[in-house]
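> compute the structure for the input listed below.
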Amino acid sequence: MNPPTDDVKYASIPDAIDELMTALGKFDDYYSAPGATAVHPGFGVMNYEEWLIWHNKHFTYHCRQFGLLPEVNFH
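As a prediction, this is how the structure comes out:
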């Protein structure tokens, strides 16, 4: 089943990956300035290292959500 075209932002997965890689490159460029910070709407001012932690958790959540990574049970 194909998703509705009005809900799809990119024409293909490779296009979406290219856009993600471009955005991540801009992220790294922004944080190449010493002391650079940006405001996260929920967590406030964050530096590069804090954003890396957040990105890792966020990407991992969505990869698990869509079955790209296995669920982890810590019990």
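> which intervals of the protein have sub-threshold pLDDT?
Under the criterion pLDDT under 70, the flagged ranges of the chain are 1-6.
> any chance you could map the helices in it?
13-30, 48-65 (DSSP state H).
> out of the ones you listed, which comes closest to Val72?
Nearest to Val72 among the helices of the chain is helix 48-65 (7.9 Å), distances taken as Cβ to Cβ. Placement of C-beta: from N, CA and C, glycine included.
> about what we covered before: so can I have JSON lines of the helices of the chain showing mean neighbour count and distance to His40?
Formatted as JSON lines, the helices of the chain follow (neighbours: other Cβ atoms under 10 Å; distance: least, Cβ to Cβ, whole Å):
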{"stretch": "helix 13-30", "mean neighbour count": "11", "distance to His40": "13"}
{"stretch": "helix 48-65", "mean neighbour count": "12", "distance to His40": "7"}
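> Thr37 is nearest to which of those?
Proximity to Thr37 (Cβ to Cβ) singles out helix 48-65 among these, at 8.3 Å.
> nearest to Val39, out of the helices of the chain?
The nearest among the helices of the chain, by Cβ to Cβ, is helix 48-65 at 10.8 Å.
> tell me the angle the closest one makes with helix 13-30.
160 degrees (axes from the mean of the first three to the mean of the last three Cα atoms, to 10 degrees).
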